[in-house]
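> this one's structure only:
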């Protein structure tokens with residue numbers, strides 16, 4: 001989740017966002033690597049998702065990454 005108050009230090013890295021510390025040169029370093037600052041007022045939360053996993057997709061992910069013996 002990224003709140004609007006996090007937007008000031010959040011960069012868009014393409015496949016993910018990074019919320020960076022205010023102090024230091026972190027933001028500049030990310031921008032040099034091709035990241036872009038998000039717009040002022042930007043926020044991201046699950047209510048804004050364009051795609052939601054189905055129950056079956058969640059079960060597959062649980063089996064693959066948490067518990068191979070998981071079943072319903």
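Ah, there it is. These figures come from a predicted structure and were not determined experimentally.
> Just give me the longest helix of the chain.
Assignment by DSSP state H gives helix 55-65 as the longest helix of the chain.
> Quick check: which element contains residue 18?
Using DSSP states H and E, residue 18 sits within strand 17-19.
> got the residue ranges for the strands in the chain?
For the chain, strands defined by DSSP state E occupy the ranges 10-12, 17-19, 36-37.
> Mean confidence (pLDDT) on the second one, please.
This means strand 17-19. In this model, strand 17-19 has a mean pLDDT of 97.
> Now do the buried residues in that strand.
Residues residue 17 are the ones in strand 17-19 that count as buried (16 or more other CB atoms under 10 Å). Where you see a C-beta, it was placed from the backbone N, CA and C, and this is true even at glycine.
> picking that back up, packing partners for the longest helix of the chain?
Using 3 or more CB pairs under 8 Å, 6 or more residues apart in numbering; DSSP states H and E as the contact criterion, no helix or strand is in contact with helix 55-65.
> Can you tell me what sits against that helix?
For helix 55-65, contacts defined as CB atoms under 8 Å, 6 or more residues apart in numbering pick out 53, 70, 72.
> Same question for stretch 14-34.
Contacts to stretch 14-34, defined as CB under 8 Å, 6+ apart, come from residues 2, 6, 8, 9, 10, 11, 13, 35, 37, 38, 44.
> can you tell me which of those residues are in helices?
Those of the contacts of stretch 14-34 lying in helices (DSSP H): none at all.
> what number of residues lie near residue 12?
17 (other CB atoms under 10 Å).
> Looks like it contacts residue 39 (just checking).
No - Residue 12 is beyond contact range of residue 39, at 9.5 Å (criterion: CB atoms under 8 Å).
> Could you save the contacts of stretch 14-34 as TSV and add columns showing pLDDT and distance to residue 23?
TSV is the format used below for those (pLDDT from 0 to 100; distance: CB to CB, whole Å):
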residue	pLDDT	distance to residue 23
2	95	19
6	97	15
8	96	13
9	97	10
10	98	15
11	98	16
13	97	20
35	98	18
37	98	17
38	98	19
44	91	23
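> Quick one: which of those is the most crowded by neighbours?
Among the contacts of stretch 14-34, residue 10 has the most neighbours (other CB under 10 Å), with 24 neighbours.
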